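1. Dropping the sequence and predicted coords here.
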Amino acid sequence: MKKQNVPLFIIDLRGLRESKTGVSEVKVRRLTDNMEYSPTRTAALKKVFRYIEEKDIAKDKDQMLNNKLSYYIPFIKYHTNWNGLQESNFVKPTSEMKGVYEGSAFKTVAQAKPETTTKAGGLSDDQIELLDDVIRFGKEHNVELLFTMLPGEMSKKEQKEINQAFQIIDKFGYHGINFNQETMYQKVGIDFSTDFYDPAHVNAKGARKISDYLGNYISQNYDFTDKRGREEYTSWNQAWEVYNNFYNAGWTTQ
């Protein structure tokens, strides 16, 4: 939000499940090591360490707290890698498809269709606090938040947690789409025998179905200008053509 006018954030709730709210070095570094040096980065790290100390839920708590400085200055951790560096370490991945370059999604691994439930409950105080933080951010900055739960393997306990989260979201006036419901499987056309490449991720076919539904939902529920055909967005039209070729070729070679 420092650099762009962002009127809508789409936030998936997969990470809110109790099994995913733990903190680890990998999770923290995956985020903060890739942030620019800024007050925002520093504030995020301070909040992480405070969260670890207060909640005592990090498996490697002592290791993380004893090496705080290496999170603020990653060189301390990575300087010994100097003799294993390759040219690719200094080149950011690029794509003519505006970021789409995942080839592993062109495979199909049939999954058992989850038995869904509409029952709700089971969120802990910590989970509710995390969700409240996000909702409060939206209210304070006057931005729209669209919450989703993408389809995939979930236990009954996790489904109940997410169902409760959507109840809270609705109470605060935000939109939510729970794709992990039987009615949504039918609306979107999700087929567990063809649309996944592992229990938690749809493949390229499933991704197209989700994108189509989500795009239509945004168009119908939010006020965005249609920028297709405008000269300044020509690169997006070109990216779509490249992606279409990539998509078709990906499935042809299977």
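-> Now that the structure is in, tell me what you want to look at. The model shown is predicted, which means the values in this text are computed figures rather than measured ones.

2. ranges for the strands of the chain?
-> Per DSSP state E, the chain carries strands over the ranges 8-12, 144-149, 175-178, 196-198, 201-202.

3. so how far is Val143 from Asn5?
-> Distance, Asn5 to Val143, by Cβ to Cβ, to the nearest Å: 10 Å. Every C-beta, even on glycine, is put in place using the N, C-alpha and C of the backbone.

4. Then Lys47?
-> Taking Cβ to Cβ as the measure, Lys47 falls 20 Å from Val143.

5. who's more crowded, the two?
-> Just comparing Lys47 and Val143: by other Cβ atoms under 10 Å the higher neighbour count belongs to Val143, 14 against 11.

6. Let me see the contact set for the more buried one.
-> Contacts for Val143 (Cβ atoms under 8 Å, 6 or more residues apart in numbering) come out as Met1, Val6, Pro7, Leu8, Phe9, Phe137.

7. Swap in 10 Å and give it another go.
-> Taking Cβ atoms under 10 Å, 6 or more residues apart in numbering, we find Val143 in contact with Met1, Asn5, Val6, Pro7, Leu8, Phe9, Phe137.

8. what about the fourth one, neighbour count?
-> For Pro7, the neighbour count with other Cβ under 10 Å is 11.

9. So what's the residue count around Phe147?
-> For Phe147, the neighbour count with other Cβ under 10 Å is 24.

10. Show the pLDDT at the residue of the chain most remote from its centre.
-> When distances are taken from the C-alpha mean of the chain, Asn83 lies farthest, 33.7 Å away, according to Cα atoms, centre = their mean. pLDDT, Asn83: 87.

11. and stretch 62-78, how far from the chain's centre?
-> 25 Å (Cα atoms, centre = their mean, to the nearest Å).

12. Show me which positions of it end up buried.
-> Going by neighbour count (16 or more other Cβ atoms under 10 Å), the buried part of stretch 62-78 is Met64, Ser70, Tyr71.

13. out of these, which one sits closest to Tyr78?
-> Nearest to Tyr78 out of the buried residues of stretch 62-78 is Ser70 (Cβ to Cβ; 8.6 Å).

14. Would you mind giving the contacts of Val143 as JSON lines with pLDDT and distance to Asn89 added?
-> JSON lines is the format used below for the contacts of Val143 (pLDDT from 0 to 100; distance: Cβ to Cβ, whole Å):
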{"residue": "Met1", "pLDDT": "86", "distance to Asn89": "30"}
{"residue": "Asn5", "pLDDT": "89", "distance to Asn89": "34"}
{"residue": "Val6", "pLDDT": "90", "distance to Asn89": "31"}
{"residue": "Pro7", "pLDDT": "90", "distance to Asn89": "36"}
{"residue": "Leu8", "pLDDT": "95", "distance to Asn89": "35"}
{"residue": "Phe9", "pLDDT": "96", "distance to Asn89": "31"}
{"residue": "Phe137", "pLDDT": "94", "distance to Asn89": "34"}
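
15. Cheers, nothing more for now.
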